[in-house]
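Enquirer: Generate coordinates for the sequence data below:
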Amino acid sequence: MTKTIIDKAYALRWCNHNEAHFERVLSTFYQRYHDVSWSSLAPSDVQRLAHDLKNLAPACGAPQLADYAASLTLPAPLPTAQQQDTLRQHLHTTLQAIADQYPQLVYTGQQYDISTTQKLYNELIQQLDQHNLKSLSLFEQWVSSYISEAMAPQPQIDVTAIREVLQRFHFPHAKQMIQAAVHSTSGDTIKS
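Expert: Numbering: from 1, shown residues only. So this is what the prediction gives:
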């Protein structure tokens with residue numbers, strides 16, 4: 001495996017070119033995954049972890065991790081021991097790259113500001129009400145921000161379905177889907 005470098009330009013596309021958001025995502029990602037206890041994970045747990053990494057790694061500038069993690073998510077069969085070890089190596093090298101390239105984010109204990117996600121959500125709903133095309137990029141920024149919250153409970157959000165509705169400019173339906181997901185209490189993951 002080659003040395004992993006955080007691709008900031010790639011990540012900024014996922015973070016709506018917002019450097020502060022990119023740094024929060026990196027900090028939260030590192031805090032969330034630097035101490036994964038691999039020995040206690042069953043293959044189904046690794047598959048769920050791969051799903052999370054597939055969604056979060058692009059905003060961290062780690063396309064190699066995202067691509068490998070995507071290969072292990074459903075409908076793929078449960079990962080083998082070798083695949084689990086390869087995922088662990090990809091995650092480890094990504095975390096090491098974060099620590100090497102952005103040590104100030106790893107060691108300062110920066111915490112994610114939940115109010116940022118709430119502000120994005122409020123702006124997204126407002127833009128959807130106005131049928132504004134800015135809703136598409138705001139949705140991506142809000143999803144990225146929402147996913148990066150390390151400890152917050154997350155609703156069941158079908159990102160792909162909402163993205164498709166937005167791309168057809170069905171703003172009221174997209175708003176309804178987003179609000180229903182946020183106000184639900186049954187789910188705890190974000191699908192993509």
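Enquirer: count of neighbours near residue 136?
Expert: Neighbourhood size, residue 136 [other Cβ atoms under 10 Å]: 17. C-betas here are computed from N, CA, C, even on glycine.
Enquirer: do residue 55 as well
Expert: 22.
Enquirer: Surely it forms part of a helix?
Expert: Yes: under DSSP: H, G, I helix; E, B strand; the rest coil, residue 55 falls within a helix.
Enquirer: Buried residues, whichever strand or helix holds residue 30. List them.
Expert: Assigned by DSSP states H and E, residue 30 belongs to helix 19-33. The neighbour-count check on helix 19-33 (16 or more other Cβ atoms under 10 Å) flags 21-33 as buried.
Enquirer: now do stretch 128-140
Expert: 128, 135, 136, 138, 139, 140.
Enquirer: Strands - which of those residues land there?
Expert: Nothing among these maps onto strands, per DSSP state E.
Enquirer: coming back round to it: any idea of the mean pLDDT in the helix holding residue 30?
Expert: Mean pLDDT, helix 19-33: 88.
Enquirer: now stretch 157-173
Expert: pLDDT averaged over stretch 157-173 gives 87.
Enquirer: who touches the helix ranked longest in the chain?
Expert: Across the chain, the longest stretch assigned as helix under DSSP state H is helix 81-101. Contact partners of helix 81-101, identified using Cβ atoms under 8 Å, 6 or more residues apart in numbering, comprise 1, 3-6, 26, 29-30, 33-34, 36, 38, 41, 43, 46, 49-50, 53, 57, 60, 62, 64-65, 68-69, 72, 79, 105-106.
Enquirer: Thank you, goodbye.
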